[in-house]
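Participant: Give me the fold of what follows.
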Amino acid sequence: MSPHRKPRFRRWSLRILLIVILLPVIALAIVRSAGWLRMRKTDREIQAFLGPYQVNAVNDTLKLRGRDIVYLKTGKGEQKKSALILVHGSPGSLDAFLDYMVDTALLSRADIITYDRPGFGNSAFGIAEPSLSAQADILIGLMKAMGYDSYWLAGHSYGAPVIVHAAIREPRKVKGICLIAGSVSPELEPESTVWRKWIDLPLVRDLLPVSMRVSNEELMSIRQDLIMIEDDWDRLRMPVSVIHGTKDVLVPFENMQYVLDRATTADTIFTKVFEGESHFILWTHEQQIVEELVKLIDSGSEQFPVSS
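Facilitator: Residues are numbered from 1 along each chain as shown. Here you go, the predicted structure:
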């Protein structure tokens with residue numbers, strides 16, 4: 001062997017080793033810093049999106065439960081007495097509802113509000129709030145801060161149990177709720193969370209996109225949180241709308257039956273079934289969901305009596 005080949009071999013070995021070590025570090029840095037992983041447009045992009053629709057928009061921050069919560073509100077003309085609040089799933093951001101925020105049928109009936117739930121979007125991105133009760137506290141705090149007489153609430157996926165929890169606690173303020181592909185049944189949540197705990201291990205969680213890590217943290221306790229409100233569904237005396245796709249592999253379609261079995265004291269229950277459709281009906285069937293929201297709002301023009 002040439003005396004020059006050994007040092008050259010060592011140099012290449014060191015380079016390869018350095019690349020093997022640095023590539024995961026670089027990849028991790030890219031993953032953790034990439035803005036698109038927030039699933040959130042910038043404020044400038046949101047303003048550009050809203051521009052053509054000629055709506056009155058407020059994009060601001062509130063301090064709720066010690067957290068900075070970013071919200072977006074749209075309306076036409078003077079503030080109405082009631083508002084529709086839209087709550088996104090996990091992971092997600094207020095971007096999930098941008099098209100709904102400018103819908104003329106909805107805006108003719110109510111002002112519309114959505115927000116980045118804690119840990120997502122621009123609401124303390126990366127700092128999870130795993131308690132469903134605390135999530136409801138933030139929603140109730142938002143309702144009080146906005147100052148409307150009453151609200152309709154709509155939630156997609158994880159957003160659905162958030163609005164159920166809030167409506168149970170504030171039944172006099174909530175005129176109706178809409179559960180879109182909602183994860184509300186504890187029986188349908190996996191009892192074993194071994195794989196979620198594995199994902200939460202320090203090395204593994206650091207390799208995940210931040211939004212996915214936050215999502216995993218809040219979903220780890222959802223089953224127990226849902227069990228805690230199982231006996232409180234009878235406080236829901238307002239109209240309830242349930243929308244689900246039959247081929248939803250993320251949140252089983254059977255959640256709809258759970259609502260029908262539990263919400264027996266609701267004034268009215270509307271159901272909309274999308275045959276053969278997935279978890280993403282919020283975006284694939286936007287117009288039909290708007291129609292269901294309009295139906296809910298039009299049915300709840302009066303505040304229904306609530307037992308104390």
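Participant: Secondary structure class of the closest residue to residue 286 other than its chain neighbours, three-state.
Facilitator: Closest residue in space to residue 286, ignoring its immediate chain neighbours: residue 99 at 5.9 Å, by CB to CB, 6 or more residues apart in numbering. To be clear about C-beta, it is placed using only N, CA and C from the backbone, and glycine gets the same treatment. Following DSSP: H, G, I helix; E, B strand; the rest coil, residue 99 is assigned to helix.
Participant: wait, isn't residue 108 in contact with residue 76?
Facilitator: Yes: judged on CB atoms under 8 Å, residue 108 makes contact with residue 76 at a distance of 7.1 Å.
Participant: Look at those two and report which has more neighbours.
Facilitator: Comparing residue 108 with residue 76 by neighbour count (other CB atoms under 10 Å), the higher total belongs to residue 76, at 14 against 11.
Participant: which phi and psi does the more buried one have?
Facilitator: phi -120, psi 120 (degrees, to the nearest 10).
Participant: In contact with it, which residues?
Facilitator: 55-56, 107-108 (CB atoms under 8 Å, 6 or more residues apart in numbering).
Participant: Those in helices, which ones?
Facilitator: Assigned to helices by DSSP state H, the following of the contacts of residue 76 qualify: residue 107.
Participant: Show me how to select, in PyMOL, the buried members of the contacts of residue 76.
Facilitator: Of the contacts of residue 76, the buried ones can be selected in PyMOL as follows, counting by 16 or more other CB atoms under 10 Å:
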select buried, resi 55+107
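Participant: pLDDT for the contacts of residue 76 - can I get that in TSV?
Facilitator: Shown next, in TSV, are those (pLDDT from 0 to 100):
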residue	pLDDT
55	96
56	96
107	97
108	95
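Participant: where in the stretch 201-308 of the chain is pLDDT low?
Facilitator: 201-207, 301-308 (pLDDT under 70).
Participant: ok, 90 please
Facilitator: Within the stretch 201-308 of the chain, the stretches with pLDDT under 90 are 201-213, 216-217, 219-221, 300-308.
Participant: Which stretches in it count as strands?
Facilitator: With DSSP state E, counting those that start in this stretch as the criterion, the stretch 201-308 of the chain has strands at 240-245, 269-274.
Participant: go on, the stretch 1-150 of the chain?
Facilitator: According to DSSP E, counting those that start in this stretch, the strands that the stretch 1-150 of the chain contains are 56-64, 67-75, 82-87, 111-115, 150-156.
Participant: mind checking which of these is nearest residue 214?
Facilitator: strand 67-75 (12.9 Å; CB to CB).
Participant: How about the closest one, which residues are buried there?
Facilitator: 67, 69-75.
Participant: what does stretch 90-100 rub up against?
Facilitator: With contact meaning CB under 8 Å, 6+ apart, stretch 90-100 is reached by 38-41, 46, 49, 70-72, 86, 88-89, 106, 112, 114-117, 120-122, 156-159, 211-212, 214-215, 218-219, 282-283, 286, 290, 293.
Participant: From those residues, which land in helices?
Facilitator: 46, 49, 106, 159, 211-212, 214-215, 218-219, 282-283, 286, 290, 293.
Participant: which one of the residues you listed has the most neighbours?
Facilitator: Top of these by neighbour count (other CB under 10 Å): residue 159, with 30 neighbours.
Participant: okay, stretch 113-128 in CSV with CA atoms only?
Facilitator: Written as CSV, here are the backbone C-alpha positions of stretch 113-128 (Å, rounded to 0.1, in the frame of the first residue of the first chain):
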residue,chain,number,x,y,z
ILE,A,113,-63.7,34.8,15.8
THR,A,114,-60.9,32.2,15.6
TYR,A,115,-57.6,31.9,17.5
ASP,A,116,-54.4,30.0,17.7
ARG,A,117,-54.8,27.6,20.6
PRO,A,118,-51.9,27.6,23.1
GLY,A,119,-48.7,26.1,21.7
PHE,A,120,-49.8,26.5,18.1
GLY,A,121,-49.4,29.3,15.5
ASN,A,122,-48.4,32.5,17.2
SER,A,123,-49.8,31.6,20.7
ALA,A,124,-46.6,30.7,22.5
PHE,A,125,-45.6,28.3,19.8
GLY,A,126,-44.1,25.1,21.2
ILE,A,127,-45.4,25.5,24.8
ALA,A,128,-48.2,22.9,25.1
